[in-house]
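**Student:** what follows is a protein structure lacking sequence information:
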């Protein structure tokens with residue numbers, strides 16, 4: 001048995017290929033199927049199965065596309081209510097892959113329809129468990145993503161209770177030597193304290209993972225629900241899309257209209273513009289309604305937190321190469337159909353002035369200071385006493401809370417989010433009030 005882990009660093013996502021006797025199964029594949037096709041070809045293997053541990057909230061899977069192109073069977077829990085051709089795969093079900101047996105365990109908690117997959121070798125030894133978003137390295141999945149979406153909706157308290165029992169009655173009963181392969185690592189918003197490690201063992205997790213320690217059900221529920229990160233706007237959308245099955249990755253991208261800055265076709269000037277150019281370039285000149293969402297490792301997450309599912313937008317990148325990269329990344333969260341036009345190059349004449357941080361040091365009260373960090377960050381360290389806290393993921397919906405009697409200075413923790421935040425606020429005031437981005441200079445105040 002050969003196990004290959006694939007990693008999408010931007011979404012902190014792990015997917016897997018298992019090969020035995022030239023047959024290959026995939027678990028929780030990402031949107032782009034090509035790496036899996038390449039791996040199968042490299043090892044002269046045939047993809048015969050795709051297993052989804054649950055309908056993912058933070059990325060779009062290519063399970064439907066792979067099944068259509070290879071003839072592989074998609075296996076999911078019957079509780080998922082999948083709207084594409086599939087085979088149900090629940091407790092008591094097993095799949096023979098070459099000389100390996102893949103056994104399903106129902107492990108609800110992150111979602112009502114979550115399953116884990118145990119890999120058993122030809123000698124009958126349980127070697128690995130693929131835990132999806134149930135058990136992470138150092139943490140377990142959050143239970144608050146399925147209250148209003150999915151075939152089965154469940155309150156977070158009930159799911160937290162189910163998580164308590166799934167961990168203890170299903171996964172902790174496995175042998176200590178069984179290797180743990182989760183669907184996510186550090187940085188994922190599907191949990192709150194994931195390790196940077198990409199794999200572990202049941203025995204190690206019993207010692208080091210807080211969620212597997214001895215505690216009452218009530219105590220566990222309290223700890224699990226406390227301090228979970230925010231839920232990006234696109235999460236419920238992706239659950240529904242994965243339940244339905246997404247369109248082919250490359251075909252979806254090819255349908256996007258593209259042009260360059262010398263001949264843009266933008267028919268609706270009221271539509272949001274996502275301008276991904278570096279902050280300095282954006283401030284030299286941009287278009288009205290442009291949000292400076294700089295291309296970064298967290299680009300997909302912030303795009304899906306700022307832009308609503310179904311909301312049309314224009315996309316701007318500094319060059320054609322960068323544009324192609326971003327289109328592929330946007331497709332990973334299923335937003336590619338919302339792009340009215342993808343534009344490469346420098347465009348726009350609206351400028352934003354450089355802000356001298358010494359002006360803030362002289363008199364904080366002469367500015368409205370907007371802190372767009374997450375509430376948990378502010379609780380740990382409130383940088384400016386007089387600041388207003390509206391996190392970036394809520395900013396577009398709460399702009400009316402900002403007074404218009406003083407210049408506005410926007411800050412985050414290091415400058416990345418404040419580029420987006422200041423551009424959002426600047427569009428609201430439209431030149432009536434001066435808006436400044438404190439940028440990286442915020443570090444000198446901490």
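**Tutor:** All right, it came through fine. From a predicted model like this one, the values you see are computed outputs, not experimental measurements. Residues are numbered from 1 along each chain as shown.

**Student:** just the pLDDT for residue 229.
**Tutor:** In the predicted model, residue 229 carries a pLDDT score of 93.

**Student:** give me the pLDDT value at the nearest residue to it once chain neighbours are set aside.
**Tutor:** Spatial nearest neighbour of residue 229, excluding adjacent residues (CB to CB, 6 or more residues apart in numbering): residue 189 at 5.0 Å. The way it works is simple: take the backbone N, C-alpha and C, and place the C-beta from them, glycine included. As predicted, residue 189 sits at a pLDDT of 95.

**Student:** ok, now which ones touch residue 189?
**Tutor:** Counting by CB atoms under 8 Å, 6 or more residues apart in numbering, residue 189 touches 58, 229, 230, 231, 232, 235, 301.

**Student:** which of those residues ranks first by neighbour count?
**Tutor:** Neighbour tally across the contacts of residue 189 (other CB atoms under 10 Å): the maximum, 25 neighbours, falls on residue 58.

**Student:** surely that residue and residue 11 touch.
**Tutor:** Yes: using CB atoms under 8 Å, residue 58 is in contact with residue 11, at 6.1 Å.

**Student:** part of a helix, is residue 189?
**Tutor:** No: using DSSP: H, G, I helix; E, B strand; the rest coil, the secondary structure at residue 189 is coil, not a helix.

**Student:** distance of it from residue 228?
**Tutor:** Computed as CB to CB, to the nearest Å, the residue 189 to residue 228 distance reads 9 Å.

**Student:** now residue 27. Nearest residue, chain neighbours left out?
**Tutor:** Per CB to CB, 6+ apart, closest to residue 27 is residue 16, 4.3 Å.

**Student:** pull the contacting residues for the one you found.
**Tutor:** Contact analysis of residue 16 by CB under 8 Å, 6+ apart lists 3, 4, 5, 6, 26, 27, 28, 130, 181.

**Student:** out of these, which end up buried?
**Tutor:** Taking 16 or more other CB atoms under 10 Å as the criterion, what is buried in the contacts of residue 16 is 3, 4, 6, 26, 27, 28, 130, 181.

**Student:** go ahead and name everything in contact with the helix or strand containing the first one.
**Tutor:** For residue 3, the element it lies in under DSSP states H and E is strand 2-8. If you take CB under 8 Å, 6+ apart as the criterion, strand 2-8 is touched by 13-20, 29-30, 35-36, 39, 43, 59, 119, 128, 181, 185, 198-199, 332.

**Student:** got the contacts of residue 189 as CSV, with secondary structure and distance to residue 391 columns?
**Tutor:** Formatted as CSV, the contacts of residue 189 follow (DSSP: H, G, I helix; E, B strand; the rest coil; distance: CB to CB, whole Å):
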residue, secondary structure, distance to residue 391
58, coil, 18
229, coil, 11
230, coil, 7
231, coil, 12
232, coil, 11
235, helix, 16
301, helix, 13
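
**Student:** many thanks, I have nothing further to ask.
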